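> Sequence plus the predicted model coming up.
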Amino acid sequence: MPNIKDNLTALLTEIPSGVKLIVVSKMQPLMHIQEVYAAGQRRFGENRVGDLVAKQPVLPGDIEWHFIGHLQTNKVKLIAPFIHVIQSVDSLRLLREINKEAMSNDRMIDCMLQLYIATEETKFGLAFSEAKELLSSPGYRDLNNIRIVGVMGMATYTQDVSLVKKEFRMLKEYFRILLAEYFPLNPDFREISMGMSGDYRIAVESGSTMVRIGNAIFKMKNEE
């Protein structure tokens, strides 16, 4: 069995108090998630809609669910009634669908723009120019049931620390520019979600306000 409570405690002593921890619970059995919850954690992240809609009804209602995977427009309606934040918005079309479903559920849904910062072509996300185009579009300004609260990005999966640091600093700079140009008087736009189990230390040093960590919490005691 993983030593979940000890792993979580050790992690929380490392992460500054101003950085939010999103526990990535994908592929984890309910008992492991409940153990993290019992230790006081309330923010969890899933990257598959099917897994999320199966877990949400049988876990405590005060969990703040973050969707962190690629989201298809036809599946937005399945999570719209309860999702706390959708971190992986990568198109205006998706944002429109989220707004439509939020309106249907009489809700405001917080969203983050996923920006492409890695060298790997397999990763999703908006180019910085596309993010600016989205935020400048009349279509975006008509959306009243979504709230853009920040940006999210994934660095290249590599042992090259300098490359990861460069990509995280790039995301921080993108955030700074978007804040100045589109959200200068909006306190809601404040989050930079970057950093996972393998690179969260670099992310925190680079200005992350939110880290998405699963393996470091659910690992076995003898695992590296």
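Sure thing, it's come through.

> State the helix or strand in which the residue nearest in space to the middle of the chain lies.
For the chain, the residue nearest the mean C-alpha position is residue 87 (4.1 Å; Cα atoms, centre = their mean). Following DSSP states H and E, one finds residue 87 within strand 85-89.

> Return the list of helices and strands in contact with that strand.
Counting contacts by 3 or more Cβ pairs under 8 Å, 6 or more residues apart in numbering; DSSP states H and E, strand 85-89 packs against strand 64-67, helix 92-104, strand 109-114, strand 146-152. To be clear about C-beta, it is placed using only N, CA and C from the backbone, and glycine gets the same treatment.

> what does the helix or strand that the third one is followed by contact?
Past strand 109-114, further along toward the C-terminus, the next helix or strand under DSSP H and E is helix 128-136. Among residues not part of helix 128-136, those counted as contacts by Cβ atoms under 8 Å, 6 or more residues apart in numbering are 91-92, 95, 113, 115, 126, 140, 148, 151, 174, 177-178, 181-182.

> Which of these are buried? Put it as a ChimeraX command.
Entered in ChimeraX, the line below selects the buried ones among the contacts of helix 128-136, by 16 or more other Cβ atoms under 10 Å:
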select :91,92,95,113,115,126,140,148,151,174,178,182
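
> would you list the contacts of helix 128-136 in TSV and tack on distance to residue 50?
Formatted as TSV, the contacts of helix 128-136 follow (distance: Cβ to Cβ, whole Å):
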residue	distance to residue 50
91	21
92	25
95	22
113	24
115	26
126	25
140	29
148	26
151	26
174	31
177	36
178	32
181	37
182	34
